[in-house]
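# give the three-dimensional model of this entry:
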Amino acid sequence: MSESENENKPGLRKTQVGVVTSDGMDKTIVVKVTRRVPHPRFKKIVKKSNKFFAHDESGEAKVGDRVLIEESKPISKKKCWSLKEVLSH
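Model (predicted):
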């Protein structure tokens, strides 16, 4: 299967692994996902990070936990990811 077929196939959702940076909101966590990419001009490996708001229904994730989040339908203005599992505490 080519990549374009995978993207359009229902049931395949993107997943990310990151660290919880905030759990102060009700049923919402903030997950920081860090990736290593080469700089476009200098080719040095640099770290880039993104912040994702994820839905945590049961409130099981705490600050510092490593978690797996998956893409979901939009839950609010900024929240379109949901917690799949807590990988480590």
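
# for this protein, what spans make up the helices?
3-8 (DSSP state H).

# where does this protein have low pLDDT?
Scanning the chain with the threshold set as pLDDT under 70 gives 1-11.

# just give me the residue right at the centre of it.
Gln16 (4.1 Å; CA atoms, centre = their mean).

# what about the closest residue to that one other than its chain neighbours, how many residues close to it?
Nearest residue to Gln16, sequence neighbours excluded (CB to CB, 6 or more residues apart in numbering): Val33, at 4.8 Å. Where you see a C-beta, it was placed from the backbone N, CA and C, and this is true even at glycine. Val33: 16 surrounding residues under other CB atoms under 10 Å.

# isn't Val33 up against Phe53?
No: look at Val33 against Phe53 with CB atoms under 8 Å: they stay out of range, at 11.8 Å.

# residue contacts, the residue nearest to the centre of the chain?
Shown in contact with Gln16 (CB atoms under 8 Å, 6 or more residues apart in numbering): Val31, Val33, Phe52, Leu68, Ile69, Glu70, Trp81.

# how about the strands of the protein, start to end?
In the chain, the segments counted as strands under DSSP state E are 15-22, 28-38, 45-55, 66-71, 79-88.

# give the pairing partners of the first one; include direction for each.
I take that to be strand 15-22. Sheet pairing of strand 15-22 (DSSP bridges) gives strand 28-38 (antiparallel), strand 66-71 (antiparallel).

# can I get those in TSV with distance to Glu85?
Shown next, in TSV, are the strands paired with strand 15-22 (distance: least, CB to CB, whole Å):
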stretch	distance to Glu85
strand 28-38	12
strand 66-71	5
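
# any idea which of those strands is most buried?
strand 66-71 (a mean of 18; mean count of other CB atoms under 10 Å).

# from Ser76, how far off is Asp26?
12 Å (CB to CB, to the nearest Å).

# can you check Ala61 too?
Look at Ala61 and Ser76: by CB to CB, they are 18 Å apart.
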